[in-house]
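In: any chance you can model this:
(one chain, ligands or ions: 4)
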Amino acid sequence: MKKKLAITFLAFMTIMFSISFRQASKPDFVPGEVLVKFRTGYTEATATSVLSQVGAKRVQTFPRINVWQLKLNVDLDVAEAVNKLNALSSVEYAEPNYIYHTCAVPNDQYLPLQWGIHNTGQTDGVADADIDAPEAWDVQTGNSSVLIGIIDTGVNYKHEDLQNNIWINPGEDAWTNPDNPQTGNGVDDDGNGKVDDWKGWNFITNTNEPMDDAGHGTHCAGIIGAEGNNNIGIAGVNWQTQIVPLKFLNADGEGNSANAVEAIFYAIDMGVDILSNSWGSYEESLTLRDAIAAADNAGILFVAAAGNDGINTDEYPNYPSCHDVPNVVSVAASDDEDKRSIWGSGGGGGGGSDCGSCGFIMYRKPMPLVWEKDPRTYATAGSNYGAISVDLAAPGTEIYSTYLTSYRSLSGTSMATPYVAGVAGLLKAQNSSLTHLEIKQMLLENTNFLADFDGRSVSEGRVNAFSALSAGAMLVSQ
Ligand SMILES: [Ca+2]
Ligand SMILES: [Ca+2]
Ligand SMILES: [Ca+2]
Ligand SMILES: [Ca+2]
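Out: Ligands and ions are numbered 1, 2, ... in the order given. Here you go, the predicted model:
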């Protein structure tokens, strides 16, 4: 009961302050929408009566976590509705449908060199400040039996350096034209509720077109699994793998928790091994946490970006990277000198999106509840860190990868995250019997120590593909 009150209070406070201080910038949640979790044993009749009391319609339900997505009547305020719902005994929690942003910092400097894979000092960095991919590739280059889901802006599944590593849903009949989702047979062949979902799904439009209209998801896809050794473009951490495009972020890199949750459940249904999540928010969605816990129960590793604001997320949690679920791996970014990535002054905030103009915003600290000025207004924009809440670093400054129909460099914890998801993929390819938590352990126990993360992450180091694989090989030979 105490917990319920605390959650209610937190949710209420967040909304209050959001409304008071954030009117000038984009709202942090979808207007007129609420996610509500009913207590175990609730009936459809209870839920329907709650809806009519509050004045809301059902959009969809997530039966596995007892959560309903609601659309409020036009005159109803989200804060008011959340408050009202949280006061009901049949409700475990209610919250806004929060909005997340990509964690990339665009950088127009063209650097067609993959220093993160193999660093010889080609970018005036430090030689061997890299993940030792060539050494790892002597052991393992990936396997098409490993499914890596990218919850993002979609993936250009036609990209010349990705097309052979895009997942194909074996339960659906092939599209007549493999590049055109409209040439499916119009039948939900595998009965998963999605018609012709042959190459993933678009959770915004609820269609089988997961094409990337932003570039961000395609960039992450290339880091994980651009086809290797094919004389084209770049090499992903995995030369071969199956990338599952799960589009919930729009062309502006913005998406909400309801659609993220749908993507997670789809990934569970489709047997995905690893989820790569290069997006975040400082709002805590309990619905998203419940979905990540469901993924944990399904044995899925959930790799997430630590965020780009140069702040300590032990004090100012970023989500989903700070959700306290065992399968979450929170990834910080490092540069070509093995230092913590800095994007410079001027504010990269929230993914280099609109956070420069957020101004004075209140954030909550972990209990006991403390409010103070938004740390992003005085921190130097760079990778977030945190002794407890951040697990390890990976290359995240000026990372060259696939982008829309071509290639470019981007920076951010968005780019560091797929490096770690990619190395997790190599480990799974090497030994398919590894559990997701064993993979997490190998990732964290086999990093290169970085002084910048001394006391500032769980592992205090940067991911190393070769070391992690070697540890995996030892485990196999035992
Ligand atoms: Ca190296
Ligand atoms: Ca289907
Ligand atoms: Ca079909
Ligand atoms: Ca290639």
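
In: in the stretch 51-200 of the chain, which spans are helices?
Out: Ranges of helices in the stretch 51-200 of the chain, per DSSP state H, counting those that start in this stretch, are 78-86, 133-137.

In: to residue 94, which of those lies closest?
Out: The minimum distance between residue 94 and those falls on helix 78-86, with 3.5 Å, by Cβ to Cβ. For every residue, glycine as well, the C-beta is placed using N, CA and C.

In: for the closest one, packing partners?
Out: Taking 3 or more Cβ pairs under 8 Å, 6 or more residues apart in numbering; DSSP states H and E as the contact definition, the neighbouring helices and strands of helix 78-86 are helix 2-21, strand 29-38, helix 44-54, strand 67-72, strand 91-102.

In: domain-wise, how is this structure divided?
Out: For the chain, the structural domains run 2-98, 105-477, going by automatic domain parsing.

In: which one of those is the most hemmed in?
Out: domain 105-477 (a mean of 22; mean count of other Cβ atoms under 10 Å).

In: related to what we said a few turns ago, rank the domains of the chain by pLDDT, which is bottom?
Out: Set side by side, the domains of the chain show their lowest mean pLDDT on domain 2-98, which sits at a mean of 77.

In: which residue packs closest to whatever residue of the stretch 251-400 of the chain ends up closest to ligand 4, ignoring adjacent ones?
Out: Shortest the stretch 251-400 of the chain-to-ligand 4 distance, computed as Cβ to the ion: residue-wise this is residue 400, at 11.8 Å. Take residue 400 and drop its neighbours on the chain: the residue closest to it by Cβ to Cβ, 6 or more residues apart in numbering is residue 409, 4.9 Å away.

In: up against ligand 4, what does the stretch 101-250 of the chain have?
Out: For the stretch 101-250 of the chain, the residues in contact with ligand 4 (Cβ under 5 Å from the ion) are 161, 226, 227, 230, 232, 233.

In: filter the residues you listed down to the ones near ligand 2?
Out: With the criterion set as Cβ under 5 Å from the ion, no member of these is near ligand 2.

In: any chance of the residues you listed in a markdown table, with distance to residue 96 and secondary structure too?
Out: Listed next are those as a markdown table, based on distance: Cβ to Cβ, whole Å; DSSP: H, G, I helix; E, B strand; the rest coil:
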| residue | distance to residue 96 | secondary structure |
| --- | --- | --- |
| 161 | 39 | coil |
| 226 | 37 | coil |
| 227 | 41 | coil |
| 230 | 45 | coil |
| 232 | 44 | coil |
| 233 | 41 | coil |
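
In: wait, which of those residues is closest to ligand 1?
Out: The shortest separation between ligand 1 and any of those is 18.7 Å, and it belongs to residue 226 (by Cβ to the ion).

In: residues in contact with that closest one?
Out: Contacts for residue 226 (Cβ atoms under 8 Å, 6 or more residues apart in numbering) come out as 161, 162, 165, 233, 234, 235, 236, 401, 402.

In: quick one: the third one and ligand 2, what's the gap?
Out: When you say that, I think you mean residue 165. Summarising the geometry, the distance separating residue 165 from ligand 2, computed by Cβ to the ion, to the nearest Å, is 21 Å.
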